[in-house]
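In: show me how the following folds:
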Amino acid sequence: MHLPPVGLGTMGIDDPDAIATALSVGYRHLDTARIYGNEAVVGDGLAATGVDRDAVTVATKLWVDDLGDGDVGPTARESADLLGVEALDLLYVHRPRGAYDPETTLPALDRLVDEGSVREVGVSNFEVDELDRALEVLDAPLAAHQTELHPLFYRPELLEHAREHGYAIVAYSPLAGGRVSEIDAVAEIAAARDATPEAVAIAWATAKDPVVAIPKASSERHLRANLAAADLDLTPEETAAIDAVDREEELFPE
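Out: Okay, here's the model as predicted:
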């Protein structure tokens, strides 16, 4: 599926105006989740704009309690109702934990695709072996794998797997929880480019094929700045400098 380089992560956003503002300045990918408790907020923001519904990718995720065979369908339909959409553009397994069983969860997602309630299927926070199993079981193509990715933490093997199998990597927390300005390599590049460290971090992430990023923002200034970061092209040397940062600081471990 086509996803724009920068979308909107909505965890913690509780004001529909922030969603409406994001859409008005050009965002066309909204990412939420059952566990965030704000699907209705995202839906209200979407409904408040004149943006063509077909132009916006609306994504949500099933939490670990919603992954049983009998829970996937009803929960997905409830999410669609809260979001105010006839069909979910992208539905993820949030984590392969709890009630997740590839032999029952994934066929339930396939049934939603077959009936038109879901357009594309994704997974989130999977390991390579879990991705391989999902690809074996799913009838629908795997559209995306959402994973934590920022200058302090990323896993090249996940990017390689995505390239090999033709799905997108959706990078969450690309701003390292607000810490990118503390990373020397990022700050130095930002100063040299007259850009913000946040823009540099997003540009670094989205330069890694097939990565798109979903930074969270709520003010119009930050929304515009994050969206514009897709136009910042880093040199190979700048990219390598950020690649060389000491990392392994995962914000959302199991």
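In: helix or strand right after the strand or helix carrying residue 223?
Out: Per DSSP states H and E, residue 223 falls inside helix 220-228. Per DSSP H and E, the first helix or strand lying C-terminal to helix 220-228 is helix 236-243.
In: what packs against that next one?
Out: helix 184-193, helix 197-206 (3 or more C-beta pairs under 8 Å, 6 or more residues apart in numbering; DSSP states H and E). To be clear about C-beta, it is placed using only N, CA and C from the backbone, and glycine gets the same treatment.
In: hmm, try it at 6 Å
Out: helix 184-193 (3 or more C-beta pairs under 6 Å, 6 or more residues apart in numbering; DSSP states H and E).
In: show me which positions of the helix holding residue 223 end up buried.
Out: Within helix 220-228, the residues that qualify as buried are 223-228, counting by 16 or more other C-beta atoms under 10 Å.
In: and it, how far out from the chain's middle?
Out: 17 Å (C-alpha atoms, centre = their mean, to the nearest Å).
In: and for stretch 205-216?
Out: Per C-alpha atoms, centre = their mean, the centroid offset for stretch 205-216 relative to its chain is 9 Å.
In: can you list contacts of that stretch?
Out: Residues from elsewhere that reach stretch 205-216 (C-beta atoms under 6 Å, 6 or more residues apart in numbering): 3, 5-7, 9, 31, 149, 159, 162, 168-172, 174-175, 202, 226, 230, 234.
In: could you export the helix holding residue 223 as CSV, CA atoms only?
Out: C-alpha atoms of helix 220-228 as CSV (Å, rounded to 0.1, in the frame of the first residue of the first chain):
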residue,chain,number,x,y,z
GLU,A,220,0.2,23.4,14.1
ARG,A,221,3.8,24.5,14.3
HIS,A,222,5.1,21.1,15.2
LEU,A,223,2.7,19.4,12.8
ARG,A,224,4.0,21.5,9.9
ALA,A,225,7.7,21.0,10.9
ASN,A,226,7.4,17.3,11.0
LEU,A,227,5.6,17.1,7.7
ALA,A,228,8.2,19.3,6.0
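In: got the angle for that helix vs helix 197-206?
Out: 30 degrees (axes from the mean of the first three to the mean of the last three C-alpha atoms, to 10 degrees).
In: contacts for helix 220-228?
Out: Residues contacting helix 220-228 (C-beta under 6 Å, 6+ apart): 6, 21-22, 25-26, 215, 217.
In: ranking by neighbours, what's the top pick from those?
Out: residue 22 (29 neighbours; other C-beta atoms under 10 Å).
In: does anything pack onto whatever helix or strand it lives in? Which helices or strands?
Out: With secondary structure defined by DSSP H and E, residue 22 is part of helix 16-25. Helices and strands touching helix 16-25, by 3+ C-beta pairs under 6 Å, 6+ apart, are helix 39-47, helix 220-228.
In: change it to 8 Å
Out: strand 29-31, helix 39-47, helix 220-228.
In: and the contacts of helix 220-228 as JSON lines, adding distance to residue 93 and pLDDT?
Out: Output for those, formatted as JSON lines (distance: C-beta to C-beta, whole Å; pLDDT from 0 to 100):
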{"residue": "6", "distance to residue 93": "23", "pLDDT": "98"}
{"residue": "21", "distance to residue 93": "30", "pLDDT": "98"}
{"residue": "22", "distance to residue 93": "25", "pLDDT": "98"}
{"residue": "25", "distance to residue 93": "31", "pLDDT": "97"}
{"residue": "26", "distance to residue 93": "29", "pLDDT": "97"}
{"residue": "215", "distance to residue 93": "22", "pLDDT": "98"}
{"residue": "217", "distance to residue 93": "26", "pLDDT": "95"}
